[in-house]
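*Asks:* structure, please.
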Amino acid sequence: MEIETKKLQNEMNRVQTDAQKLVSEYTAEKQKLELRMQELADSSRQENERAKEEYNRQVAEIQKQLQQSSAQSASERQALVNQLEELRSQRSRSGGGFFGMIGRALDSVFGIH
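*Replies:* Now for the predicted structure:
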């Protein structure tokens, strides 16, 4: 009976050690994933800012050309207006915003896109 009790105690100790090890591994993995998510969110936020700045630059350039184009033909003016509208439609289709950014970050973590 004493031998069986020792075996059972040893098994309980092993299970408890394994459980503590799993908790430690889980905590470490969770921290790594949270860090990676933060890095991806920061990267996505920076990319979003760069894209926004580029969009604003392009819009400003086209608007400047439109203002300076009083002597241009109607077709040239229409081409500039079309460029401006295309930029605006691309921006609206890009799915910006915080949740879009998080979705893209998750997609890249899991290799979806």
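*Asks:* where along this protein do the helices fall?
*Replies:* 2-68, 74-93, 98-109 (DSSP state H).
*Asks:* ranking those by burial, who's on top?
*Replies:* helix 98-109 (a mean of 14; mean count of other C-beta atoms under 10 Å). Glycine gets a C-beta too; all of them are placed from N, C-alpha and C.
*Asks:* any regions of this protein where pLDDT drops low?
*Replies:* 69-72, 92-113 (pLDDT under 70).
*Asks:* how about a cut-off of 50?
*Replies:* 113 (pLDDT under 50).
*Asks:* for it, list the residue farthest from the centre, please.
*Replies:* In the chain, counting by C-alpha atoms, centre = their mean, Met1 sits farthest out from the average C-alpha position, at 60.1 Å.
*Asks:* kindly provide the distance from that residue to Gln9.
*Replies:* Using C-beta to C-beta, to the nearest Å, we find Met1 at a distance of 13 Å from Gln9.
*Asks:* can you check Ala51 too?
*Replies:* Ala51 is 62 Å from Gln9, by C-beta to C-beta.
*Asks:* distance between stretch 37-53 and the chain's centre?
*Replies:* 7 Å (C-alpha atoms, centre = their mean, to the nearest Å).
*Asks:* can you check stretch 45-58 too?
*Replies:* Distance of stretch 45-58 from its chain centroid, counting by C-alpha atoms, centre = their mean, is 15 Å.
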